[in-house]
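Asks: Curious how this folds, go ahead:
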Amino acid sequence: MSNEQENSDTSQEEPEKNKLVSSRTFLCVVDESDEFPTTLRYACARAKSTDGRIALLYIVQPAEFQHWLGVGDLMKQENREEAEEMCHVLADVVQRRIGKIPVIYIREGKPHEVLLELIREEHDLSVLVLGASSTGDGPGPIIQHVVNNMAGAFSLPITIVPGGLSNEEIDAIT
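Replies: As a prediction, the model looks like this:
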């Protein structure tokens with residue numbers, strides 16, 4: 001192989017390598033836990049340092065009140081509106097931190113099932129970022145279920161962020 005061909009092949013590999021790095025998408029599961037702000041800050045810092053993106057997944061729990069169809073539908077609609085409002089606020093936070101609008105997914109169902117389904121559907125996702133509880137009651141229900149039952153089923157790496165990290169500690173490790 002001539003030097004010209006070697007250089008040509010190398011130059012074609014570099015853009016592909018850069019494309020892979022710059023297309024990194026960090027998926028965060030949105031919830032109201034104490035560790036979520038820490039998790040989002042970590043994911044945003046990683047996305048910013050790798051020219052990546054953030055994807056937010058808000059999982060709406062299925063309405064358990066099914067006695068009257070109208071009441072169940074109203075509860076479902078209210079839950080959806082709450083999810084949209086929260087994701088809108090979080091999208092602003094992400095936009096300020098990394099300069100990019102996040103991808104937003106709002107799905108209904110059991111968290112572990114919805115998460116696995118989304119990961120199987122969306123091939124652009126690169127890393128699942130979950131926050132571990134710092135209260136001593138275990139890492140949290142999603143982490144427990146994923147690690148104990150589903151870790152091998154995921155097609156992407158999982159990053160577990162300790163919920164007790166300070167902003168300075170997050171900045172130092174990202």
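Asks: Gly131: what's it in contact with?
Replies: Contact analysis of Gly131 by Cβ atoms under 8 Å, 6 or more residues apart in numbering lists 33, 35-36, 38-39, 140, 160-163. Bear in mind the C-beta positions are built from the backbone N, C-alpha and C, glycine included.
Asks: what about 10 Å?
Replies: 28-29, 31, 33-43, 139-140, 142-143, 159-165 (Cβ atoms under 10 Å, 6 or more residues apart in numbering).
Asks: try Glu84
Replies: Contact analysis of Glu84 by Cβ under 10 Å, 6+ apart lists 58, 104, 106.
Asks: before we move on, back to that, going through the contacts of Gly131, which ones are buried?
Replies: 28-29, 31, 33, 35-36, 38-43, 139-140, 142-143, 159-163, 165 (16 or more other Cβ atoms under 10 Å).
Asks: out of the residues you listed, which are inside helices?
Replies: 36, 38-43, 142-143 (DSSP state H).
Asks: Would you mind confirming that Val161 makes contact with Thr39?
Replies: Yes - with contact defined as Cβ atoms under 10 Å, Val161 counts as touching Thr39 (4.8 Å).
Asks: Next, show the common contact partners of these two.
Replies: Residues touching both Val161 and Thr39 by Cβ under 10 Å, 6+ apart: 28, 129-132, 170.
Asks: which among the residues you listed gets closest to Thr50?
Replies: Nearest to Thr50 among the shared contacts of Val161 and Thr39: Val129, at 12.6 Å, using Cβ to Cβ.
Asks: quick check, Ile104 in a strand?
Replies: Yes - remark: Ile104 belongs to a strand, assigned using DSSP: H, G, I helix; E, B strand; the rest coil.
Asks: List the contacts of it.
Replies: Residues near Ile104 by Cβ under 10 Å, 6+ apart: 30, 54-58, 83-84, 87-88, 90-91, 94.
Asks: Quick check: bridge partners of it?
Replies: Beta-bridge pairing for Ile104 (DSSP bridges): Leu56.
Asks: Distance of it relative to Ala55?
Replies: Noted for Ile104: a distance of 8 Å to Ala55, by Cβ to Cβ, to the nearest Å.
Asks: Now the common contact residues for the two.
Replies: Val94.
Asks: gap between stretch 159-173 and the chain center?
Replies: Its chain's C-alpha centre and that of stretch 159-173 lie 16 Å apart, by Cα atoms, centre = their mean, to the nearest Å.
Asks: how about the CA coordinates for that stretch, as PDB?
Replies: What follows is stretch 159-173, C-alpha atoms only, in PDB (Å, rounded to 0.1, in the frame of the first residue of the first chain):
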ATOM      1  CA  THR A 159     -23.200   5.300  34.800                       C
ATOM      2  CA  ILE A 160     -24.400   5.500  38.400                       C
ATOM      3  CA  VAL A 161     -23.800   8.900  40.000                       C
ATOM      4  CA  PRO A 162     -23.600   9.000  43.800                       C
ATOM      5  CA  GLY A 163     -26.400  11.300  44.900                       C
ATOM      6  CA  GLY A 164     -24.300  13.000  47.600                       C
ATOM      7  CA  LEU A 165     -21.700  14.500  45.200                       C
ATOM      8  CA  SER A 166     -21.200  18.300  45.500                       C
ATOM      9  CA  ASN A 167     -21.100  20.500  42.400                       C
ATOM     10  CA  GLU A 168     -17.400  20.900  42.900                       C
ATOM     11  CA  GLU A 169     -16.900  17.200  43.000                       C
ATOM     12  CA  ILE A 170     -18.900  16.800  39.800                       C
ATOM     13  CA  ASP A 171     -16.900  19.500  38.100                       C
ATOM     14  CA  ALA A 172     -13.600  17.900  39.200                       C
ATOM     15  CA  ILE A 173     -14.500  14.400  37.700                       C
END
